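In: Predicted structure and sequence below. I'll ask about it afterward.
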Amino acid sequence: MACRDQRFVKYHGQFSKCKAHEAQPGCGYRGITCCDAFWGWGEKLEYFTGKPWDLPCNCGLSGCEEKPQDQGQDVSRVCCAHNTGGTSRCDRRIRPESVPEVNTPEDSESLTSTALADLGSSYRNVTAFWQTCRLNRQLRFSDRTVDELIFACHRLATRYLLLKQNFDALGQWCRFAHHELRRGASGQNPGLFPPTWPSAATLPVRDAETGVLEEIRKDHLWKRPHDVAQLQFLGETVRHLRQKAQEMQMLGLDSPRGIPYPGNRASFVPDLRLADIFRAGALESVQDLPQQDFVVVDRVLRPQVAVQLQTWLAQATIWHSPKDGGILQASLLDGLNGEGLIELIKAFEASKQVQSVLQKRHGAKLVLDDMWAWKYDLAWINPSLPIQADSWSGSGPDVLAVVSFKETGAADGWRFARGSEKHFIPRRQNQLVLWTAWKGGWSLSMAQDMDVRYEDRPVDLFLGFRKSLGHKVYPGLTAHTSTRWPAAAKAG
């Protein structure tokens with residue numbers, strides 16, 4: 001019905017909304033429907049006159065009927081078949097409590113949708129995008145919990161904005177996703193969610209690529225002390241986190257499988273605002289360096305910026321993914337997206353010296369594909385951690401940049417061996433290592449069995465760049481995009 005179309009109601013006003021008549025629902029033939037609005041072309045009479053559309057959904061064709069479900073079958077689906085016999089066709093049963101107040105356009109999750117275009121525009125309204133995405137998920141998908149709903153919309157928005165390389169919009173959306181949506185889910189802003197959906201005090205953060213929730217597993221044995229230490233560190237100034245630290249200490253690892261790990265929450269993500277990221281003249285020498293596999297720049301960030309970033313990385317509860325060798329990873333779409341980090345990305349992108357060197361080396365513009373950070377537990381770290389090109393799904397990045405915080409020993413550093421060629425780069429505080437032609441095969445050597453304060457644990461911030469395919473509308477489109485994202489997300 002057009003009177004349930006989101007754009008129709010937005011134009012005519014809330015009074016024009018309607019509900020289905022009793023005689024409208026029913027089984028029908030696929031492709032023949034008289035109660036749906038197809039981008040405003042379905043029922044011109046209603047659009048032009050305002051007269052409610054009252055034809056039944058099956059257009060009066062009564063050749064199909066609902067078939068009873070066999071015992072044990074999925075009750076969330078309904079099956080229809082021709083009344084003269086034949087194979088049944090089953091589809092998702094619409095739950096009355098999940099039906100949205102209006103219908104969103106069917107292309108809401110395509111890259112050409114109006115909702116995404118508005119999100120990436122200069123007059124973007126993140127709340128409007130969220131409402132459209134929420135209504136669309138209610139209407140056409142089977143999300144049953146608030147965190148599933150948030151994850152689906154967050155992944156759609158962030159992937160689109162990375163394709164557009166729109167980092168201003170990316171930062172604004174991420175702040176909304178990690179702050180307002182979590183406030184709304186806990187009841188502080190109930191208008192953001194359907195009233196019948198369950199709330200969550202602090203929403204779990206899912207893996208940005210797979211959507212998998214962390215469970216309590218044996219490999220969290222070493223992660224829990226980190227989370228407790230971080231909460232204790234924060235509890236010195238943030239009172240409500242003291243109790244959370246005590247609860248984490250009492251956590252039993254024999255809890256039933258399937259319970260989300262309570263340490264993986266964006267409970268505290270402070271604001272981070274930076275200006276004039278790089279030390280004056282730090283990157284000017286890059287352009288004059290010979291064409292080699294790596295570039296090292298010491299004291300790359302302004303001292304106060306380095307301190308701010310280091311403090312933020314210690315405070316933000318965004319360290320969700322345990323890796324081998326006592327490493328915790330934070331990723332771009334799972335909280336590593338404070339406003340200051342977005343400014344850091346933009347500063348790299350805007351550096352003419354860096355872009356000039358990379359473009360000469362690769363013959364194409366390079367765009368940011370991903371950003372992540374590693375935090376090292378020196379009581380567990382392996383003496384040599386391989387960083388191979390096959391550590392990624394698909395090919396590795398074309399260029400890898402690493403900014404280091406907190407050095408621990410003179411023997412720490414990056415090692416590379418290829419045939420008779422060997423290199424060692426000492427790892428230093430506030431240092432940039434830029435692999436201009438990333439081939440993998442490097443390893444990280446770190447000190448072991450060192451007892452350091454929580455806030456002094458070393459951290460490396462990685463930025464991965466790939467060659468753009470030169471798409472005019474989606475400059476962030478690379479050959480790697482299709483290996484990360486579903487076929488439905490391909491740019492047209």
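Out: The structure has been received and is ready for your questions.
In: What is the neighbour count of Asp74?
Out: Asp74 has 11 neighbouring residues, counting by other C-beta atoms under 10 Å. Every C-beta, even on glycine, is put in place using the N, C-alpha and C of the backbone.
In: Now Phe48: which helix or strand?
Out: Per DSSP states H and E, Phe48 falls inside helix 44-49.
In: Figure out how far stretch 266-275 is from the centre of its chain.
Out: Offset of stretch 266-275 from its chain centre (C-alpha atoms, centre = their mean, to the nearest Å): 17 Å.
In: Now do the buried residues in it.
Out: For stretch 266-275, the neighbour count (16 or more other C-beta atoms under 10 Å) marks 266-269, 272, 274 as buried.
In: Do a quick rundown of the helices in the stretch 51-200 of the chain.
Out: With DSSP state H, counting those that start in this stretch, the ranges of helices along the stretch 51-200 of the chain come out as 114-119, 126-140, 146-164, 167-175, 181-185.
In: Give the other helices and strands that the longest one contacts.
Out: With contacts defined as 3 or more C-beta pairs under 8 Å, 6 or more residues apart in numbering; DSSP states H and E, helix 146-164 has these neighbours: helix 114-119, helix 126-140, helix 167-175, helix 181-185.
In: Past the shortest one, which element shows up next along the chain?
Out: So the one you mean is helix 181-185. Trace forward from helix 181-185 with DSSP H and E and the next one is helix 223-235.
In: domains for this protein, by residue range?
Out: For the chain, automatic domain parsing gives the domain ranges 2-98, 114-192, 215-263, 276-489.
In: Check these for me and report the most buried one.
Out: Highest mean neighbour count of those: domain 114-192, a mean of 19 (counted as mean count of other C-beta atoms under 10 Å).
In: Distance across that one, terminal residue to terminal residue?
Out: End-to-end distance of domain 114-192: 20 Å, with C-alpha to C-alpha, to the nearest Å as the criterion.
In: Got the confidence number for the nearest residue to Pro475 once chain neighbours are set aside?
Out: Of all residues not flanking Pro475 in the chain, Gln165 sits nearest, at 5.0 Å (C-beta to C-beta, 6 or more residues apart in numbering). Gln165 carries a pLDDT score of 93 in this model.
In: of all the buried residues of stretch 266-275, which two lie farthest apart?
Out: Ser267 and Leu274 (22.8 Å; C-beta to C-beta).
In: Surely Pro475 touches Asn166?
Out: No - in this structure, Pro475 is not within contact of Asn166 by C-beta atoms under 8 Å, at 9.6 Å.
In: Spell out which residues are contacts of both of the two.
Out: Common neighbours of Pro475 and Asn166, using C-beta atoms under 8 Å, 6 or more residues apart in numbering, do not exist here.
In: Gly171 and Arg302, how far apart?
Out: Distance, Gly171 to Arg302, using C-beta to C-beta, to the nearest Å: 20 Å.
In: low-confidence ranges in the stretch 251-400 of the chain?
Out: 251-262, 264, 285, 287-292, 380-395 (pLDDT under 70).
In: For the lengthiest strand in the chain, which strands pair with it and how are they oriented?
Out: Taking DSSP state E as the criterion, the chain has its longest strand at strand 366-376. Partners of strand 366-376 in the sheet, by DSSP bridges, are strand 327-331 (antiparallel), strand 459-467 (antiparallel).
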